[in-house]
Structures are given as C-alpha cells and as structure tokens.
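Q: Here's my sequence, what's the structure:
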Amino acid sequence: MTLSPLRRLAFGTLRRLMSLWVRSEAISPSPLDDALDSGHPLFYVLQQSSASDLVVLDSECRKAGLPRPVLPVQIGRGDAETGFFYLTPEPDWLGRQDKRGISPTLDRLVTALENDEIEDACIVPVMVFWGQSPNRETSPWKLIFADSWAVTGRLRRFLRILILGRKTRVQFSAPIHLRELVEQEKGHERTLRMVQRILRVHFRNQKAAVIGPDLSHRRNLVKGLIHDAQVRQAIAEEAEREKIPLEKAERRALAYGNEVASDYSYIAIRFLELVLSWFWNKIYDGIRINNIEGVREIAHGHEVIYVPCHRSHIDYLLLSYLLFTNGLTPPHIAAGINLNMPVIGGLLRRGGAFFMRRTFKGNPLYTAVFNEYLHTLFSRGFPVEYFVEGGRSRTGRMLQPKTGMLAITLRSFLRSHRLPIVFVPVYIGYERVLEGRTYLGELRGASKKKESIFDLFKVLGALKQRFGQVAVNFGEPIRLAEFLDQQQPDWRSQQLAPQFRPEWLNETTHRLAEHIACGLNEAAAVNPVNLVATALLSSSKLALDEAALVRVLDLYLALLRQTPYSQHTTLPEGDGRALIAHVQEMELLAEQKDALGRIYYLDEQNAVLMTYYRNNVLHIFALPALLASFFQSSGRISREQILRYTRALYPYLQAELFIRWNLDELDAVIDQWLAAFIDQGLLTLDNEQYVRPAPSSRQFVLLTLLARTITPTLQRFYMATALILHCGQNQVSAEELENLCTVMAQRLSILHGLNAPEFFDKTLFRHFIQTLLDEGVLRTDAAGTLSHHPQLAELAEGAAKRVLTAEIRLSIRQVALERGEEETPAG
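A: Next up, the predicted model:
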C-alpha cells in the first residue's frame, strides 16, 4: 500500500497532533540487528487497521533508529511499497476489501519469493497497547478506554487516546522469515493462509501475555463460585453441620469469596507503578533483571505461576512492578490475611492480591471456596504468584517449603489441564533488605514476631542509609506436566473428581516443593555483600587485613567463575577491591587504619546481620567448603576417600540447603571443584592423592577460610548425632531430641563464642532429624521414641574427624553427655 499524497498529508497532520499528547515507549524490543544486517526487505505487521497505532509505531522506529514503516521498501524489481501492512487489511475508499482477507503487500511478498525476485523477507509483528488494562465486562469506562479483546471502534479509539495516550507501549516481536515458509512448497494460497494463521496465533498469545485474559467483574466471579458442585456440596454440609438454613450457609460462602477474591484494577496498577517507580529510585541504586526473556516465551499459551523466594514485604510489589513495566501481566498474588488492613489491604487487593487464612483446618466451606477460586484463576489463564516458603526468611536461607498452595495447584491441574501450568522460580536478592533491623532480634535468638506490613514504616527513618541494588533473576521454568510424567507416568489416565486425592499426591507435592526450592537457589544472585559476609564471618575474629580480604574475595570470584553453580546464577562485576569499596559505602563494613595498613572488620550489630547475607549464598559454597574441610585435619586424601565422605554427608546438606545436584551427578561435580582448587593453588595432585598446601602458606589460610563457611552447619549435625548416641536407643522422641539440640546449641554458643542464627533455629534441627529418619539412620517405634543405626557412632566419628577440630568435637561430646544425664527420661 503506497501512501498517496492525500494520505501522507493526513498522516503527517495526525502525527503532529498526537505528538502533543501521546507518550510512548518500547517494551521488550526484539533485537532486529540480524534482520537489518541481512539486507533483506523488512516489513512491520499490525493486527488491525489503525492510523493511531501506525503513528505510534512510526514514532518508536524513529527513536530506535529502525526503518520507518511509512517509507518505501523495494521488493525485487517491483514498485516501492510502504514498510508495513495490516493482518486484517483496511478497505479501500469505496469500502471494498480482498475477500480472502489477504494484505496486498503480503501477497506481493510471497509472490516475489516464489519467483526468486528476492532472497528473503522479514516480517515483524508489532502490537501497540494503550494502557495494559484487562477488560471488565460490566465496567463501561474500561469498555470505552482500555485495551481489551473487544473490537475497537473509531469513537472508542479517540477516547482511548485521550485517556490512555500518556501511557502507550509498543511491543516488537522477533522477525518471521518468509523464505522458510515458502520453501515448504504448499502453494501460493496455502502459504498465505499459513502466514496469516501464524500471525493470528501470535497476536492472540501476545495480547494474553501483556493484558491478560478477559476479567469478569469481581461480584460475578464470586457469585459464580457457589454454583460449583464441590462448593454446593460444602454449603449443604455446612448447613447440616451447623444446623442453619441453606440460605445462611450460602451467604457465608459468599462472604468467604469476598474475603478471598482480588479486585484487580488498572487504576490501582498505574498508581502503584508511579509510587513504586519513585520508591525504587529513592531507596535503591537500581534493579538488575536477568533471564526475563524466557518468561516472555513461556507466557504464551501457558498458565504461569510465579514462585519467588520471600525475603521482604516488598517482594510481591517488586515482581508485579517489573512484570508490568516489561510488558507482562501482573499476577494475582496470594497474600496472608494479616495484610488485609484498612487502606493498605484495599490497595493490595486492587493490585491483584487475594487473601488467604493461615490455616484452613476446621473450616471445610472456606477450603472449598478458596480451592474453587484458585481453580477459576488457573483455568482462565490468569498468572498467579505465591511463596512456597510461606513466610519471610529471617535467617536469609531458603525456608522449608509449605506445600498447601502446591497441593491445591496439583489437584486443580489434575481436575482440568486445559492450560499447561508452568512454575517460574524468581530469586530476589537484596544487598540490604529493608526489614534488616527488625530481623536482628530474631537472628540473635528472639522469638519470631507476627508479620506486619508496618515493619516497612520502621525503616523510613533510616532512608539515609544506602540499600544498594536489587537483583531479580528468573530461573528455569518448571513444566508441571513434564514433572508429573517423571514422577507418576500414568497420571493422565487418572481423571480425578474435584474432591478425590490420589495416594501419591502428598509425596509428589513434597518433591515438587523441593524441586522449586532448588530452582530458586539455582537462580541466586551473588552480590558484593554476600561475598564480603562469607569471607569475614569465616575469620576467627571477624576481621581481615586489606590484602587478605582482597585475596579471599578474588579467590571466591575465580572459583565461582570457573565452576558456575548454574547457568541462571549471576555474579558481581569487578574484583575484590571493588567489592570492598561497595560494601564500605553501604556502611556494612568497619575499618581501622594503622601504620601497617587497613583492617576491615564487622562490629557486633553488623556481624549478626551479615550472617543473613552469608546465608543467601550458603548453598553455593556448601560443597566446595565441605571439600576444603577434609584437608583441615589431613594433609593428603585420595579421590576415593573424598567421594566416600562427601556422599555420606551430602544428603543432609542437600536437604537443608536445597543444593541442585543429585547423587548421580555428585562425583562429576566434585571432580570439577577439585580441578578448580588445583588451578587456584589450594591443592596439588601427587600420585593420585590430593595434597594440601603447607600450613604456614597463604593458600592454606585461604583453604581454611573456605572450609569454615560450612563449619557451623557441620557442628549442628554433630551436636544432634552426639545427643542421639548419648541418649541411647528408644529413650527420646523426635520433639524431645529437637529441644535438647536447641539447649545444647545455646550452651555451646556461649562456650565458644559462636554467633550464628543456625544455632538458634529449631526448625533446622527438626529438619535434620527428619532427614535422618528419611535416610533410615533413625527409626521410630510405636511409642514415638527414636532408635539409631548400630554403625551411627562409627560413621559419625569418622566423618567428624575429617571436618571438625578435636577441641570442638570434645566440647560437643562433653555437653551432650551432661545434657543426656540431666534431661534424658528414665528408660
């Protein structure tokens, strides 16, 4: 379609008028460098005829230095044409249109390729979004103004420009090479239809990914929940159980639905975007996003469930903000009912939050309503977000997953898997977490305080502090169908009723939770604070001179770059000196100068707080630190011995820290780390044995500091094992043992000056005991008391001699003996 002089005049006039009001930006611009460098003709394709969309596209192309759509493009020896066309072509001045619905430009391109007039041609699908508001069926304002799935008339387009013109976004997609389609030799007409079909599917998927599916009005959605068969049954059972009329039970179900359901509002999303844009710029030095391209690809045609780690109350605000500003639909977010407070709760609900009670026990009607609401979100394709950890991590490490939401998700998927479900792990790494001060007491061992969003307001007085950067890493997507294929190959043949739960559901849900937790840790963002904390907390006095600290940090960077934890893990730029300077600017590192140079150390408050940031990346250092531990008491060790002791201890480290490698992969990973140790001078290989450096060398000091990273964890393992052995067979229950471990840890922390949250975290002991049960090392009898494997003492002492000093082992055994004599019930 060549623009006539009259059309060029009209287009130029419209462009000048719109430039006075419309403000546009490109979202997720597709790299077109290869297509441009090839020299092949390039055409933009818009979904439907719209002069305003064309003006915005032309403006973005001018800003980006891309070929403008309204300028001529030569097709072989034919006439020059404009560089765009509409998937649904516009009619001519007499209202006539190609009956096939084929753009003349597309027809001409395919003909030129078939006749070999041109080597190839690229078409770039482009969508223009006037705001990103899903359509509400009963909201006339949204029907008029917002981008939706409805056909847009001229009046509505005009009003849309007036209302939403200040927030216009252009989505460029990857080029489609027509030569690849023509070479399928399906004939001219079939090729044209195939191109159109590809474009239609692309535009439909892209629109769903950006503005989301059509939204029903909240009132209609909630009312629809009580018509579900499962909810109707729960209503009848509630009426019978409570001896109340059926109508009252229905009203109760509606009240539960209104308590839970979000009230997604574009106005609220835009308000939050403005507020949060100010907030991030005020508080943080920037937000680094990694691997979001994979999310854009997977969002098309899938039900996406975002599963972030939970470090701060702002996690869900941050993720929704980033998705919205990067052209993806903000998810519906599972939030605790404690956040449903006046004003704040309403704003969060309009931002996509739906609220859930901490426990569903004893309330089957609430359970049925909540399950059906979540099933409605999944089946309609709304992106959803929830935290598998349940609450925020106060220690900085990944918490043991809570499986409730995952179980609901699995049952919903088994009930109806029309849309494939994909879990997207999202690691959010802070250089300084906002609630850090409120975590200090809990890190010192105080009891956990009730979560409150007002914790955020406590930090407003400390805004003069530097909070550094935030990294948001998207991990490897986990396709639920593929996961079930591996775990339960016959799951597709088990078509389930809504209330039916297969026998394998609980075990499979736990495996899925662990798989997601490992996926989150795979996407970890290692930052300068993590590395400095890891280095200084491993020193005996929490202090190192400048040269030593630089060497340690450079070593850690070199090891992690040579042996990456995963392809989704990110590392900071720069060397050790740059990392120190950055952490110093954040006032997390104290400095003392003397005639011999600088000494960097952690004061009392920061020493406790920095354990939080060390624990963020403890899973990355766990395996190399364990290998380094073997050389603290042995000068030389064979590969076979290293493999044997590592395989004995690794299951407990993996279960606690969610390390990514399974036992089948472990030997190869160990070899990679040992090779890296040799390259960095930490070990040498002599006659098929690995030899440590001389104890007086710098390399041995570096090896020792690395080993100490995992020492507190290994001490806890040995504490629990020593208590088990001293208590004897069938003398204590798991709960009693857990309490004894906690008391023992507090005592040892005083005796040895240990100041790490691991020693006060009862849940870590609980999980270690459970892992011993899972591994068959411990057993429970009918009375619930524990018995241990006969060879436990030999195995525990053999491993402990390799990784712990004699002083620590003796102290633990003495304290265990004292506690065993005082606390163990008489047998």
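
Q: Just want the most central residue of the protein.
A: residue 426 (0.8 Å; C-alpha atoms, centre = their mean).

Q: where does that residue land in three-state SS?
A: strand (DSSP: H, G, I helix; E, B strand; the rest coil).

Q: contacting residues for it?
A: 306-309, 319, 472-475, 520, 523 (C-beta atoms under 8 Å, 6 or more residues apart in numbering). For glycine as for every other residue, the C-beta is placed from the backbone atoms N, C-alpha and C.

Q: Now flag whichever of these is closest to residue 537.
A: residue 309 (21.0 Å; C-beta to C-beta).

Q: Pull up the gap between the closest residue in space to that closest one that isn't next to it in sequence and residue 657, please.
A: Distance criterion C-beta to C-beta, 6 or more residues apart in numbering; nearest residue to residue 309, sequence neighbours excluded, is residue 520 at 5.0 Å. Using C-beta to C-beta, to the nearest Å, one gets 12 Å for the distance from residue 520 to residue 657.

Q: Identify the contacts common to the two.
A: residue 398.

Q: Settle it for me: which of the two has more neighbours?
A: Neighbour comparison, residue 520 and residue 657: the larger count goes to residue 520, with 26 against 22 (by other C-beta atoms under 10 Å).

Q: what's the distance between the more buried one and residue 531?
A: Counting by C-beta to C-beta, the gap from residue 520 to residue 531 is 20 Å.

Q: just the helices in the stretch 351-500 of the chain please.
A: Secondary structure of the stretch 351-500 of the chain (DSSP state H, counting those that start in this stretch): helices at 364-380, 404-415, 436-443, 480-487.

Q: Map the structural domains onto the sequence of this structure.
A: Per automatic domain parsing, the structural domains of the chain span 5-211, 261-522, 527-616, 711-823.

Q: what separates the shortest one from the chain centre, distance-wise?
A: This means domain 527-616. Domain 527-616 has its C-alpha centroid displaced from the chain centroid by 25 Å (C-alpha atoms, centre = their mean, to the nearest Å).

Q: what do you get for the last one?
A: Its chain's C-alpha centre lies 34 Å from the corresponding centre of domain 711-823 when counted by C-alpha atoms, centre = their mean.

Q: I'd like the numbering to begin with 346 instead of 1 from here.
A: Got it, the first residue is 346 from now on, which makes the last one we talked about domain 1056-1168.

Q: and the nearest residue to residue 694 once chain neighbours are set aside, which of the three is it?
A: With C-beta to C-beta, 6+ apart as the criterion, residue 694 has its nearest non-adjacent residue at 4.9 Å, and that residue is residue 608. Here residue 608 is recorded as coil under three-state DSSP.

Q: Least confident of the contacts of residue 771?
A: Among those, residue 664 has the lowest pLDDT, at 93.

Q: Can you name the helix or strand that residue 515 falls in?
A: Counting by DSSP states H and E, the element that carries residue 515 is strand 513-517.

Q: So in that sheet, which strands flank that strand, and in what orientation?
A: On the basis of DSSP bridges, the sheet neighbours of strand 513-517 come out as strand 369-372 (parallel), strand 467-475 (antiparallel).

Q: Reformat the ones you listed into TSV and put mean neighbour count and distance to residue 990 next to each item.
A: Shown next, in TSV, are the strands paired with strand 513-517 (neighbours: other C-beta atoms under 10 Å; distance: least, C-beta to C-beta, whole Å):
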stretch	mean neighbour count	distance to residue 990
strand 369-372	18	52
strand 467-475	23	57
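
Q: which one of the ones you listed has the lowest average pLDDT?
A: strand 369-372 (a mean of 80).

Q: Show me what it is in contact with.
A: 401, 404-405, 408-409, 473-474, 513-517, 555, 670-672.

Q: Retrieve the pLDDT associated with residue 921.
A: 95.

Q: actually residue 572, not the one I wrote
A: Confidence for residue 572, expressed as pLDDT, is 87.

Q: Check the secondary structure at it for me.
A: Going by three-state DSSP: residue 572 is coil.

Q: List the contacts of it.
A: Contacts of residue 572 (C-beta under 8 Å, 6+ apart): none.

Q: Could you measure from it over to residue 565?
A: For residue 572, the distance to residue 565 - C-beta to C-beta - is 11 Å.

Q: got it, and residue 624?
A: Residue 624 is 34 Å from residue 565, by C-beta to C-beta.

Q: Which one of these two is surrounded by more residues?
A: residue 624 (15 against 11).

Q: what helix or strand is residue 388 on?
A: strand 387-393.

Q: Mind listing what's buried along that strand?
A: When burial is assessed from 16 or more other C-beta atoms under 10 Å, strand 387-393 yields the following buried residues: 387-392.

Q: what two of those are the furthest from one another?
A: 387 and 392, at 18.0 Å, using C-beta to C-beta across the buried residues of strand 387-393.
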